[in-house]
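Student: next comes the sequence, and after it the predicted model I'd like to discuss.
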Amino acid sequence: MGLLYKYYGFSAGLAAISKNSLGFSKPTKFNDPMEGRLWLHQNGLSPTWLEPLLDSVGILCMTRNHLNPLMWSHYGENHTGFVIGYDDGDLLFSDQRDTVIDAQSGSTFTESQYEFSDVEQSGRAAAQWVQLGMDELEVPDIAAAIRHIFLMKQHCWNYEEEVRIVKLLSSAAHTASEWVRLTGNTPTPISTPVAPKVSLSHPSEVFTLEASPQSIKHIILGMRNPLVVEGRKVSPDDDLARCVSGCGASIELSSWDENGEMQASKLETKIDWGWPNDVSSVKIEPEMLKAISGKISGQPLSTQSLTVTNFNDGRVCASWDDEL
């Protein structure tokens, strides 16, 4: 089993752990304006037929390097987030019906790897083959053109050591429901609210797909991650606990070694999930009142006792006796 890693900011990382979902983004919205266009641009082409192809796919960007300081800064929100390692044998990363490029063949490159007799003709054929749902067997020229469109990048991006999984989100030859039935995957859009009161939002450019519940195998917390307290302990989080107990995931903390290189090391002490400590029952502070209100609001009256816990990091939580 190998691992593919994804860098996350704090909130996005918690959501990914909680939902076992991964985000596939349309290449038209990537931070590199040459995304998907570099190979054709280098051959003097700037075709309009490429745009519908780029708008119909979602790309999941991953890496095999979980200790890249630049990526921790850029994608891990200045070391406050997570890097999550997924089993690269997970079905989502394999050659499914909607897979344009799977994890095994998804390593990016910077120089052309194939001799094309006609670049534009090969590119057009590849775009049509993908958009029509990849029903027919692909030929070598088409396979190579697809790789060059989606995997060829400029040299400045080499530090990312990127591996991509490319999925066809919608097929021009199938209805949306037919495509879901054929592929077994349901792309869920993530919209950006603009004016929530009038339900106005930006059209989504990111779609999530679910991995298997056992896919997460390794979680590294950034050295500034808010869950890290007292240097080597981890504050309570139900989803992290589930990954450890249910998926067998290992949890490590990133740090610098004596030579100034990044490392990920296991906790020096057993993970402290923050079970009740330092409980105060002298007076009800505003934060305690909020915790209690949130626990009993809209719930039928219980005969159990309610315990309010002050954690060392300042959080306050209310729990019924049977939850402790």
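Tutor: In hand now; what should we look at?
Student: going forward, measure contacts and count neighbours with C-alpha atoms only.
Tutor: Noted.
Student: so who does His218 touch?
Tutor: Contacts here follow Cα atoms under 8 Å, 6 or more residues apart in numbering; on that basis His218 touches Ile84, Gly85, Tyr86, Ala249, Ser250, Ile251, Glu252.
Student: these, buried ones only, as a ChimeraX selection?
Tutor: Only the buried members of the contacts of His218 end up in this ChimeraX selection, burial being decided by 16 or more other Cα atoms under 10 Å:
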select :84,85,86,249,250,251,252
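Student: any chance of JSON lines for the contacts of His218, columns distance to Gly123?
Tutor: Putting the contacts of His218 into JSON lines (distance: Cα to Cα, whole Å) gives the following:
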{"residue": "Ile84", "distance to Gly123": "34"}
{"residue": "Gly85", "distance to Gly123": "34"}
{"residue": "Tyr86", "distance to Gly123": "32"}
{"residue": "Ala249", "distance to Gly123": "42"}
{"residue": "Ser250", "distance to Gly123": "43"}
{"residue": "Ile251", "distance to Gly123": "44"}
{"residue": "Glu252", "distance to Gly123": "44"}
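Student: and the two most separated of the contacts of His218?
Tutor: Of all pairs drawn from the contacts of His218, the one with the largest separation by Cα to Cα is Tyr86 and Glu252; the distance is 14.6 Å.
Student: show me this protein divided up by domain.
Tutor: Using automatic domain parsing, the domain ranges for the chain come out as 22-63+91-210, 286-323.
Student: flag the shaky bits of the protein, pLDDT-wise.
Tutor: Scanning the chain for pLDDT under 70 picks out 137-138, 191-204, 230-233, 236, 267-289, 295-306, 310-314, 321-324.
Student: could I get the full set of helices for it?
Tutor: Using DSSP state H, the helices of the chain run over residues 10-19, 38-42, 50-56, 69-74, 119-131, 140-151, 176-183, 238-246, 286-296.
Student: okay but Ala126 is in contact with Arg147, surely?
Tutor: No - in terms of Cα atoms under 8 Å, Ala126 does not count as a neighbour of Arg147; the distance is 9.6 Å.
Student: need the overlap of contacts for those two.
Tutor: Residues touching both Ala126 and Arg147 (Cα under 8 Å, 6+ apart): none.
Student: out of the contacts of His218, name the ones that lie in strands.
Tutor: For the contacts of His218, membership in strands holds for Ile84, Gly85, Tyr86, Ser250, Ile251, Glu252, with DSSP state E as the criterion.
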